[in-house]
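Colleague: build me a model from this:
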Amino acid sequence: MAENVKRRDFLGMTLGGVAAIGVGASLVAMKSSWDPLPSVVSAGFTTVDLSSMQDGEYRQVEYRGTPVYVIKKTAAMQQSAERDVVVGDSSYSVGIQICTHLGCIPSYNSDVAEFHCACHGGRFDACGRQIFGPPPAPMAIPPFKIDGTKLVLGEEGPEYLKLVGKA
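Modeller: Here you go, the predicted structure:
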């Protein structure tokens, strides 16, 4: 009878060890499925080189599937201390180019330096502030930081925190 008890203990410990290894492997697999894919991690940041932009130039880039505009302001354009980003001696306007009324994408008219939303006639100035029509709020400012002459969308830098009032 002593032999059966030892054999039973051995089988129990073996079964417990196999079960523990199975649980560990399952946890590792679950953790790796929770991690974001490398393509998602790399899509989190978009870099815009500001050094090549000319005065008055409008540029649209895609950040996390949404259009973001960058405008290098001229001296004649309206300046806004609350919404303009200053890099060196140049002033830029940055915003998510989506109308705050119904989510349409307004087009930029460089002749009058305004965004026009075709859905309901909303208009925004070059800073992204609503100036006419039904949009209830200005265009949103995406999180960004300034790295030399580059604008990195996706990181909250001190310039962004100052603009959104969190600094």
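Colleague: Thr74 is in what secondary structure piece?
Modeller: Thr74 is part of no helix or strand when elements are defined by DSSP states H and E.
Colleague: same thing with Val28?
Modeller: Per DSSP H and E: helix 2-34 holds Val28.
Colleague: got the contact list for the residue nearest the centre of the chain?
Modeller: The chain has Gly154 as the residue nearest its centroid, 4.1 Å off, counting by C-alpha atoms, centre = their mean. Neighbouring residues of Gly154 by C-beta atoms under 8 Å, 6 or more residues apart in numbering: Gly44, Phe45, Thr46, Tyr63, Arg64, Pro142, Pro143, Phe144. The way it works is simple: take the backbone N, C-alpha and C, and place the C-beta from them, glycine included.
Colleague: show the buried residues in those.
Modeller: Thr46, Tyr63, Pro142, Phe144 (16 or more other C-beta atoms under 10 Å).
Colleague: distance of the residue nearest to the centre of the chain from Asp55?
Modeller: For Gly154, the distance to Asp55 equals 26 Å [C-beta to C-beta, to the nearest Å].
Colleague: next one: Leu153
Modeller: Separation of Leu153 from Asp55 (C-beta to C-beta): 22 Å.
Colleague: what does Ala126 give?
Modeller: Shown here: Ala126 relative to Asp55, a distance of 12 Å by C-beta to C-beta.
Colleague: and the contacts of stretch 69-86?
Modeller: By C-beta under 8 Å, 6+ apart, stretch 69-86 touches 48, 50, 53-61, 90-95, 97, 108, 113, 115, 125-129, 138, 141, 144, 146, 151, 159, 163.
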